[in-house]
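> sequence and predicted model, in that order:
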Amino acid sequence: MKLHHLKPAPGSRSTKIRVGRGEGGRRGKTAGRGTKGSHARGTIPAWFEGGQTPIYRQMPKRRGFVNPNKEYFALVNVGRLNEFRKGSTVGPDELRAAGLTKKRGRIKVLGEGELKKALTVRAHAFSVGAVEQIQAAGGTVEVIDE
């Protein structure tokens, strides 16, 4: 058997129906599409939304976007850590108990203000300025991995 001997199975192929060949024919004039409307016309683009303002034109008007993959931190400045006793360990639980952070979750310490006490500070992230200030005051920095 060769390629030129192959034929489709009987009944699997039907002849093409020629539509729109005049008003007198069985499938003339509207060619079985009825009258008017989007189905009587050509193809509709995939982005067409039925006449309402499309989403890509609404986006500039819509407010706010929250990226579900972004890491959000509760921010605490170094100057606020002076409330704690000298030599104490300050972690997320102590910061929440003191009212410095409201959110549960990750905490980042920033370098705003001046630290006057030696503290052991535990947080999820630190700015470079915060690390320098804590170490200059004689304290230590511990990064928490949770």
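Nice, thanks for sending it over.
> who's in contact with K103?
72, 74 (CB atoms under 8 Å, 6 or more residues apart in numbering). The way it works is simple: take the backbone N, C-alpha and C, and place the C-beta from them, glycine included.
> could you rerun that using 7 Å?
A74 (CB atoms under 7 Å, 6 or more residues apart in numbering).
> for the lengthiest helix in the chain, buried residues please.
When the chain is scanned for its longest helix (criterion: DSSP state H), the result is helix 128-136. Within helix 128-136, the residues scored as buried using 16 or more other CB atoms under 10 Å are 130-131, 133-134.
> and the residue of the chain most remote from its centre, its phi and psi?
In the chain, counting by CA atoms, centre = their mean, G24 sits farthest out from the average C-alpha position, at 58.1 Å. Taking degrees, to the nearest 10, you get phi -80, psi -20 for the backbone angles of G24.
> now the strands for the chain?
74-77, 89-90, 107-110, 120-123, 125-126, 140-143 (DSSP state E).
> from the centroid of the chain, which residue is nearest?
Closest-to-mean residue, the chain, CA atoms, centre = their mean: N67 / 3.8 Å.
> which stretches of this protein have low pLDDT?
146 (pLDDT under 70).
> report the distance from the longest helix of the chain to the chain centre.
34 Å (CA atoms, centre = their mean, to the nearest Å).
> residue numbering should commence at 33 henceforth.
Shifting the count to begin at 33 puts that one at helix 160-168.
> contacts for that helix next, please.
110, 141-143, 146-147, 151, 153, 173.
> equivalent analysis for stretch 110-128, please.
Contacts for stretch 110-128 (CB under 7 Å, 6+ apart): 108, 130, 132-133, 139, 141-154, 162, 165-166.
> let's see that with 8 Å instead.
Residues contacting stretch 110-128 (CB under 8 Å, 6+ apart): 108, 130, 132-134, 136, 139, 141-156, 161-162, 165-166, 176.
> since that was my last question, I'll sign off now.
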